[in-house]
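K.L.:
any chance you could fold what I've pasted below:
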Amino acid sequence: MKHSHIVYFLAVALFVYAAINYYVLKRTSQALDGAGAFRTVVLWGMCVLALLYPAGRIADRFFPAGITDAALCAGSLYLAVLFYGVLCAALLDLARLGNRAFFSFPLSASAGRVAWTAAAIIIVSIVIAGNRAAMRPRLRTMDLDVAKNAAGLKELSVVAVTDMHLGAVVGVAQLQRILLLIASAKPDIVLFGGDIFDEDVSDDMEREIARVLSGIKAPYGVYAVTGNHEYYAGVEKAVLNLTRGNVTVLQDTAVEIAGAFVLIGRKDLTARRMGTGRKPLEEICRGVDRALPLILMDHQPFHLEAAQENGIDLQVSGHTHNAQLFPLNLFYGLIYEKPYGFLRKGTTNIVVSCGAGTWGPPVRTNSVSEVVRIRLHFTK
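P.N.:
Numbering: from 1, shown residues only. Sure, this is the predicted structure:
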């Protein structure tokens, strides 16, 4: 992405962020009119929280790792509060308009304070519960049949982990919880489906992550593909640190494992925008033994028909987070053929995980962070 495009994007993003905050602050000020010092404290507190995330992102580039982490964590939680604050403010505005148009019930100043207090309690409760759902990943198990012979192998335990977004907000503690789930699944092979690192991960943290990842035990190895955030963080550095953690990164590459199955890993779609290119799936699959089970890792679940056309038996993807925050997930079906869960296209099994971490606010309100265990049963 060109420097001018980045500047333009950041300027638009900051303008939108400022406008949303202004709207919520204005509605809060109106609702708390007459509340005295409490109103002042709330408004100033919201202003400080609104500044924490952008200020933390900017300061993170100039100060040593760890100094700005607390600001980023608090600011990222505020993003979830802001999201639901906008929804509540908009719903209350619609209710007021409806009242004026159809009922004309008199509304006192105290009614506004009661509505704001109720909304604040609901929002804080949602964010606390959502943070718990985000930071306590669970193991989800699926059993799938593949009608192929895997050199006598009857079952393969595949553990897939996507979208950890390890960095200042989702740290090594979350990675440790994820690794405990991986170990409990007793995997034959572990697949990291991209967005392992967030764009704000420090060099020291990347090295620590590599050290922790090196402790994973799986007979057929640990593999990964790049996600869009690996490119934002610096793809060469990300790949290097994963390699140091005994993780094999597949970039538009197919490898035959133990003569029993073929594992294919694609570069993320972001590679095209970054100018490094991405091979068509049919080119990557050229020369592979299609009699063996074919497993594909592709971070973004777009163009799922390509997997079906190339005889892929299992595709593992992530990226979507299942929208992370309700009710955004209700609209993701307009963007993705399968934004979350399992889809079968012909003989191709497609699994899209909601991820084991979060981006932006460390909050999930329509799912729980997950590690996916896929037990493949070979029926020939």
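K.L.:
which residues of the stretch 201-350 of the chain fall in strands?
P.N.:
Using DSSP state E, counting those that start in this stretch, the strands of the stretch 201-350 of the chain run over 222-224, 248-249, 253-257, 261-265, 294-297, 314-317, 341-345, 348-352.
K.L.:
quick one: list the elements packing against the last one.
P.N.:
Right, strand 348-352. Secondary-structure packing of strand 348-352 (3 or more Cβ pairs under 8 Å, 6 or more residues apart in numbering; DSSP states H and E): strand 138-146, helix 305-309, strand 314-317, strand 341-345. Using the backbone N, CA and C atoms, a C-beta is placed for each residue, glycine as well.
K.L.:
before we move on, back to that, would a markdown table of the strands of the stretch 201-350 of the chain with distance to residue 178, mean neighbour count and mean pLDDT be doable?
P.N.:
Shown next, in a markdown table, are the strands of the stretch 201-350 of the chain (distance: least, Cβ to Cβ, whole Å; neighbours: other Cβ atoms under 10 Å; pLDDT from 0 to 100):
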| stretch | distance to residue 178 | mean neighbour count | mean pLDDT |
| --- | --- | --- | --- |
| strand 222-224 | 13 | 24 | 98 |
| strand 248-249 | 18 | 18 | 97 |
| strand 253-257 | 23 | 16 | 97 |
| strand 261-265 | 20 | 24 | 98 |
| strand 294-297 | 17 | 26 | 98 |
| strand 314-317 | 16 | 26 | 98 |
| strand 341-345 | 20 | 14 | 96 |
| strand 348-352 | 17 | 23 | 98 |
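K.L.:
Throw the ones you listed into CSV and include distance to residue 158, thanks.
P.N.:
Below are these laid out as CSV (distance: least, Cβ to Cβ, whole Å):
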stretch, distance to residue 158
strand 222-224, 10
strand 248-249, 15
strand 253-257, 11
strand 261-265, 10
strand 294-297, 7
strand 314-317, 7
strand 341-345, 14
strand 348-352, 9
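K.L.:
on that earlier part again, would you turn the helices and strands packed on strand 348-352 into JSON lines with distance to residue 373?
P.N.:
Below are the helices and strands packed on strand 348-352 laid out as JSON lines (distance: least, Cβ to Cβ, whole Å):
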{"stretch": "strand 138-146", "distance to residue 373": "5"}
{"stretch": "helix 305-309", "distance to residue 373": "21"}
{"stretch": "strand 314-317", "distance to residue 373": "12"}
{"stretch": "strand 341-345", "distance to residue 373": "13"}
